[in-house]
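Peer 1: sequence and predicted structure are below.
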Amino acid sequence: MPTGHSKCKICRRAGEKLFLKGEKCFTPKCVFNKKPYAPGKLDSERKHRSQLTEYGRQLREKQKVRNMYGLREEQFSRYVKEATSHAGTNPAEMLYERLESRLDNVIFRLGIAASRPLARQMVSHGHITVNGRRVTIPSYRLKTGDELGIRDNSKQSKLFIELGSKLAKQTYPTWLSFSPDVLKGEMKGAPRMEKSDNLFDLASVVEFYSR
């Protein structure tokens, strides 16, 4: 797993915050606030960045999305392949659905974890249940109607103490619901892009792999 310093480098290469460190990204100490440019860039390069080619833009977008979800290239390319294999569907929307329905991502979206890397740890360490059964695979794909929660033996962990009160005013994507009083959530439908999902351009990612 990337360290805090290497996560900052990923954001700097992307040219924008990817919020890989959760709440720490909002603090004044965030490296990106002081150095919002790629590591190793000279002053002249920062001021006079050359125009990216279309290929370069698509490559950067691909790397940005892959790093946001914390996926290896092999995993990510497989998701793209699956998304483009269904005739009559929008590949970008299908790719979004596959990325967002990952268990670690849903834990992050519900606010149970402050970042996807932390959500991945929670799942791997056996803290999360799906339909009452412990699941330790971060990439586990949730389906409509699946219910998830915190394992009973984990509720006293410092990770989850007072979680209910912290999430009382949390807002969720329309395809998710969560009950803070019992720490249980549900996937109400397939993930769909919303206006707030403007951090990336999945159509460009699909085009990159179509070359």
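Peer 2: Cool, got the structure.

Peer 1: pLDDT weak spots in the protein?
Peer 2: Residue ranges of the chain with pLDDT under 70: 1-19, 21-50, 196-197.

Peer 1: spatially central residue for it, please.
Peer 2: Y69 (3.9 Å; CA atoms, centre = their mean).

Peer 1: for it, give me its contacts.
Peer 2: Y69 sits next to F76, L99, R102, N105, R116 when contact means CB atoms under 8 Å, 6 or more residues apart in numbering. In this view, the C-beta of every residue, glycine as well, is placed from N, C-alpha and C.

Peer 1: test my guess that the third one contacts V135.
Peer 2: Meaning R102. No - using CB atoms under 8 Å, R102 is not in contact with V135; the gap is 11.3 Å.

Peer 1: neighbour-wise, which of those two wins?
Peer 2: More crowded of R102 and V135, by other CB atoms under 10 Å: R102, with 27 against 18.

Peer 1: can you give me the strands in this structure?
Peer 2: Under the criterion DSSP state E, the chain carries strands at the ranges 128-130, 133-134, 147-150, 176-179, 184-187.

Peer 1: would you mark the buried spots in the lengthiest helix in the chain?
Peer 2: Among the segments of the chain that qualify as a helix by DSSP state H, the longest is helix 54-69. Neighbour counts over helix 54-69 (16 or more other CB atoms under 10 Å) mark Q58, R60, E61, K62, Q63, K64, V65, R66, N67, M68, Y69 as buried.

Peer 1: among these, which one lies nearest to P191?
Peer 2: Taking CB to CB as the measure, P191 lies nearest Y69 of these, at 12.5 Å.

Peer 1: can you give the domain ranges for the chain?
Peer 2: According to automatic domain parsing, the chain comprises the domains 1-50, 102-187.

Peer 1: test my guess that L52 contacts S204.
Peer 2: No - using CB under 8 Å, L52 makes no contact with S204, being 11.4 Å away.

Peer 1: the two: which has the busier surroundings?
Peer 2: More crowded of L52 and S204, by other CB under 10 Å: S204, with 18 against 11.

Peer 1: OK, contacts around the more buried one?
Peer 2: The contact partners of S204, by CB under 8 Å, 6+ apart, come to R57, Q58, E61, K62.

Peer 1: the helices in this structure, which residues?
Peer 2: Using DSSP H, helices in the chain cover 4-14, 31-34, 43-47, 54-69, 73-83, 91-100, 103-109, 116-124, 163-166, 202-209.

Peer 1: list the buried ones in the last one?
Peer 2: What that stands for is helix 202-209. For helix 202-209, a neighbour-count test (16+ other CB under 10 Å) marks L202, S204, V205, V206, E207, F208, Y209 as buried.

Peer 1: surely the last one meets T84?
Peer 2: Yep, that's Y209 we're talking about. Yes - contact status for Y209 versus T84: in contact at 7.5 Å, counting by CB under 8 Å.

Peer 1: can you pull the buried residues of stretch 76-91?
Peer 2: For stretch 76-91, burial by neighbour count (16+ other CB under 10 Å) applies to F76, Y79, V80, A83, T84, P91.

Peer 1: tell me how far T174 lies from M187.
Peer 2: Shown here: T174 relative to M187, a distance of 11 Å by CB to CB, to the nearest Å.

Peer 1: who has more neighbours out of these two?
Peer 2: In this view T174 and M187 are compared by other CB under 10 Å, and M187 has more residues nearby, 23 against 10.

Peer 1: done for today, thanks.
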